[in-house]
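1. Mind folding the following:
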Amino acid sequence: MSGSSSDTLNEQPLHKHAQQTVGMPPTPPSTHSSRSTSPIPTVDASVQCEQQNAQKKKKKKKSKKSAKAKEAATNNAQPPADDDRPPVLCISRNKHWRYISSYHGPWLQLPMELLESLLVLNLDPATLSATDARLPPLPSPQALPPQANSASGALRHAPPPPFPTPKPGKATPPPIDPGVFRSVTSIRRLIDEASELSVRASSGLSAAALGSLRGGGSNVNNSPWATANSLGINPLGDSGGGGRNVAMSAMRVHRLRALAVQKLATAYRTDEIASSVMVMQGGSVFDDIAERVLKVDPNDVDARYVHFFHEKIPSRQLAESTTPRLLDELIAAHPQHLEFYRTRGIVHCFRDEFAQAVKDFTYAIKEARALRRERTSHRNNHLPSDKHHGKGSKKKGKGSGAKINGQAPPSGTSASASTGDPPTVEGPDGEPLLLHPSVLPDAPEPIEPQCLFLRAAAYLQHAIFLIEDAILRLERIRKVPSVDGAELRLCYIENSRYGGVEIGNPDGPLGKKDGVKLTAYKAMLAEEDFREQVTTLVRKAMRDHEKFLSHFDTLEGPTPFGGANADVAQRTEYAFLLCEALRPGSQSTAPPPETPSMFTTYHPLLVESHFSILLCHLLLGDFPALLPGFIRTAAVVDGLEGYPVFLPPRSMAQAEFMEVLERLAGGWRNGIQPHSLSRANSKLAEIEAPRSPKAREVECAPDPPSPDSDRLASSTSTLPVGINGSSSSARIHVSQPPSGHETPSSAADRVDLAESLDCARILLAPVVARQRSKAEQNAIEKASGKGKKKPLNINIPLHGPRVEIVLAWLGAVHLTELDAVC
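-> Model prediction:
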């Protein structure tokens with residue numbers, strides 16, 4: 001399966017639950033997103049779905065037939081070829097959208113008044129300005145859905161540790177990104193209103209009658225009509241209060257549906273992922289609403305856009321059943337709507353058309369920045385003269401303002417953060433509180449970071465797709481769509497030339513060093529031009545992910561995980577244990593907190609972006625930069641808190657990164673050897689024992705002699721300044737391309753290769769220790785013979801086929817060079 005499909009959230013619920021209305025919306029199944037050698041035509045799939053519906057109706061009519069007639073019909077009729085095909089489940093297109101599980105949360109069910117109140121508190125800097133420097137108490141979750149998993153829920157609802165305070169003169173970042181918070185609030189209101197309009201159009205109820213039906217009981221928002229009905233009075237004159245005596249006209253029904261479709265289109269343009277999640281809450285109320293509007297007005301732009309998301313297609317066959325033709329027409333008619341470019345770019349990614357996807361995302365980013373620049377300039381031109389340059393400041397020349405070309409400046413997300421006096425509001429005790437740049441009017445619109453993230457994902461998917469395509473050509477196998485939509489895994493391929501990726505082989509993912517398989521893979525994947533093409537795409541993905549993360553500020557405390565006395569190996573072990581506990585579906589417990597957690601503005605895609613950068617480091621083979629990046633990522637993810645609006649996200653990149661570490665620890669003998677920081681003494685002796693120069697260079701590198709040590713030192717000790725004088729969440733990773741040994745490929749540079757190998761061993765050491773601990777525990781339980789049956793673990797693995805693709809790339813390009821180190 002290509003990188004396009006592997007990036008889909010692989011939760012894979014049962015098909016029979018795909019269209020049920022439950023408390024939490026079902027996560028769409030993984031889609032077969034790669035174009036195979038023999039794809040299923042769109043017309044055939046739709047015809048097959050229609051034939052199934054027609055067959056169900058025909059079965060009801062054919063009720064009585066004699067036995068002889070049935071036998072004659074069976075003998076004479078020839079069974080069509082389509083009868084041999086298994087039934088195809090058809091679900092709406094929006095259920096296939098990626099990252100849907102990242103947007104689950106109580107915002108789907110909270111009352112609108114409470115959600116809007118939380119939005120106001122999120123924008124108020126006094127919310128997190130308490131004297132005890134702790135998060136405010138959360139509302140009672142009695143009416144809220146339970147956590148997705150108990151381990152993550154226990155971690156998230158534990159008493160929050162004190163978070164670091166911003167530096168003097170710097171603003172406190174909001175708990176949740178204001179852009180995404182405004183988006184989900186607006187989406188919730190729009191879709192609720194659209195749902196009410198759709199119900200009215202279908203049932204013929206007036207607004208007052210529908211409100212009386214929904215507002216009965218002990219609801220605090222009861223209307224006078226509901227109160228009268230509860231007292232037995234029927235002021236509407238309805239017979240039994242069940243509807244109108246006079247049926248609605250067809251034109252009025254159409255207008256109600258058209259207005260509902262207009263609200264749905266506005267919601268999808270705001271954020272199509274969050275809107276898809278919210279629409280699933282409505283069950284079948286929106287199934288054919290856009291189609292009904294199009295029957296009356298085929299040129300309705302909003303109806304065409306909504307119908308694109310609600311159209312029924314065969315499950316797990318989005319790429320084969322979707323073309324960008326409709327979006328091309330919408331863009332040609334309305335080129336000012338950047339949201340259409342975003343949606344078309346997503347469709348191109350599903351179809352493995354990454355160059356066109358990048359083009360659409362780039363255009364949307366460029367235009368969004370230009371609009372923000374013009375908006376800021378227009379606002380500044382209408383300000384009084386003393387507001388332009390601050391109080392008492394003199395007008396400077398052109399050199400006073402740096403050209404940002406619409407991009408977010410390095411010190412914040414708002415251009416006004418660096419011009420004039422920062423805006424303030426009055427605090428609870430009368431003290432002035434600084435407003436964070438992300439809550440100001442000239443902050444970036446949500447579509448800008450959305451497209452940055454999507455373009456980064458497109459670059460990474462493109463690199464993964466190229467690697468997988470080369471492996472399939474090498475193995476001489478063709479990828480065809482399976483009946484059940486299962487994805488092709490390189491570790492389970494049959495009738496191939498070399499057998500694909502191996503699991504548990506101590507020689508590595510591709511077998512012996514002198515084996516035929518490793519030689520063939522190395523000749524194909526390590527070829528200079530192909531390697532440079534993949535490396536360039538991975539670097540571009542890292543660049544865009546870091547730009548996306550730069551929109552969210554981070555407050556940092558002391559050195560995470562052990563402080564300054566702990567070496568990099570101890571901090572890596574703590575980071576692994578923490579990530580393992582935060583992993584969705586994990587049954588392990590988190591280690592006790594040692595230092596105050598970092599505080600970062602929450603965004604649903606933040607975890608996915610952080611671990612995507614770690615996957616990029618793996619593809620580059622840059623283990624010296626991967627170590628500090630992994631430590632900082634664990635600290636940032638541990639400090640994320642989206643409750644009471646969002647639930648903890650189920651990140652596929654996180655599951656894939658952790659799975660790659662597990663596979664390497666169980667299938668690469670050279671990577672699990674003792675590293676330079678391993679000790680046989682106690683923990684105190686480990687801290688006090690003198691470290692080797694190489695170990696100190698890997699850990700902090702104050703005056704490193706090599707470019708890689710420069711990157712390692714800058715990422716662990718000297719961090720770029722973010723909005724508040726603290727590091728931005730994007731700055732925890734290095735964006736400069738590796739130099740000296742960009743992917744440790746030079747066999748002559750033995751020092752760099754030895755450093756990379758030592759860092760890889762430090763990274764895998766806690767993984768090996770956890771695997772051995774689990775094996776010993778299982779052996780003890782088996783030997784004890786208690787006979788107690790354990791509850792079945794039905795957690796479906798989140799990782800997709802990208803795990804095997806990354807392992808194949810590592811085995812052919814990087815591990816062979818590291819194994820050559822003496």
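
2. quick one: contacts for Val180?
-> 271, 274, 446, 603-604 (C-beta atoms under 8 Å, 6 or more residues apart in numbering). Where C-beta positions appear, they are placed from N, C-alpha and C, glycine not excepted.

3. Met126 should be in a helix, yeah?
-> Residue 126: Ala, not Met. Yes. Judged by DSSP: H, G, I helix; E, B strand; the rest coil, Ala126 forms part of a helix.

4. If you count neighbours, what's buried in the helix or strand harbouring Pro766?
-> If you go by DSSP states H and E, Pro766 is part of helix 750-784. Neighbour-count burial for helix 750-784, with 16 or more other C-beta atoms under 10 Å as criterion, is recorded at 751-768, 770.

5. Mind checking which of the contacts of Val180 are in helices?
-> Ala274 (DSSP state H).

6. Now rank the contacts of Val180 by neighbours and give me the top one.
-> Within the contacts of Val180, most neighbours by other C-beta atoms under 10 Å means Ala274, with 29 neighbours.

7. follow-up on the earlier one: show me what the helix holding Pro766 is packed against.
-> Here helix 750-784 touches helix 568-582, helix 623-638, helix 652-667, helix 693-699, helix 707-716, helix 815-819, going by 3 or more C-beta pairs under 8 Å, 6 or more residues apart in numbering; DSSP states H and E.

8. Tell me which of the ones you listed lies nearest to Arg98.
-> Among these, the nearest to Arg98 by C-beta to C-beta is helix 652-667 (8.5 Å).

9. Averaged pLDDT, the closest one. What do you get?
-> Averaging pLDDT along helix 652-667 gives 93.

10. Could you name the helices and strands sitting against that helix?
-> Secondary structure elements in contact with helix 652-667, counted by 3+ C-beta pairs under 8 Å, 6+ apart, are helix 568-582, helix 606-620, helix 750-784, helix 802-809.

11. Cys579 contacts Met658, correct?
-> Yes. Using C-beta atoms under 8 Å, Cys579 is in contact with Met658, at 6.4 Å.

12. List the contacts of the residue nearest to Tyr574 when sequence neighbours are not counted.
-> In space, and not counting its chain neighbours, Tyr574 is closest to Phe561: 4.0 Å by C-beta to C-beta, 6 or more residues apart in numbering. If a contact means C-beta under 8 Å, 6+ apart, then Phe561 has 570-571, 574-575, 578, 594-595, 631, 634-635 as its contacts.

13. quick one: which of the helices and strands packed on helix 652-667 is nearest Val501?
-> The nearest among the helices and strands packed on helix 652-667, by C-beta to C-beta, is helix 802-809 at 4.5 Å.

14. Tell me where this structure has strands.
-> When secondary structure is read from DSSP state E, the chain shows strands at 90-92, 312-314, 424-426, 432-434, 554-555, 599-600.

15. Go ahead and name everything in contact with the third one.
-> Contacts of strand 424-426 with the rest of the structure, by C-beta under 8 Å, 6+ apart, involve 124-126, 432-435.

16. Just the buried ones from the contacts of Phe561?
-> Going by neighbour count (16+ other C-beta under 10 Å), these have 570-571, 574-575, 578, 595, 631, 634-635 buried.
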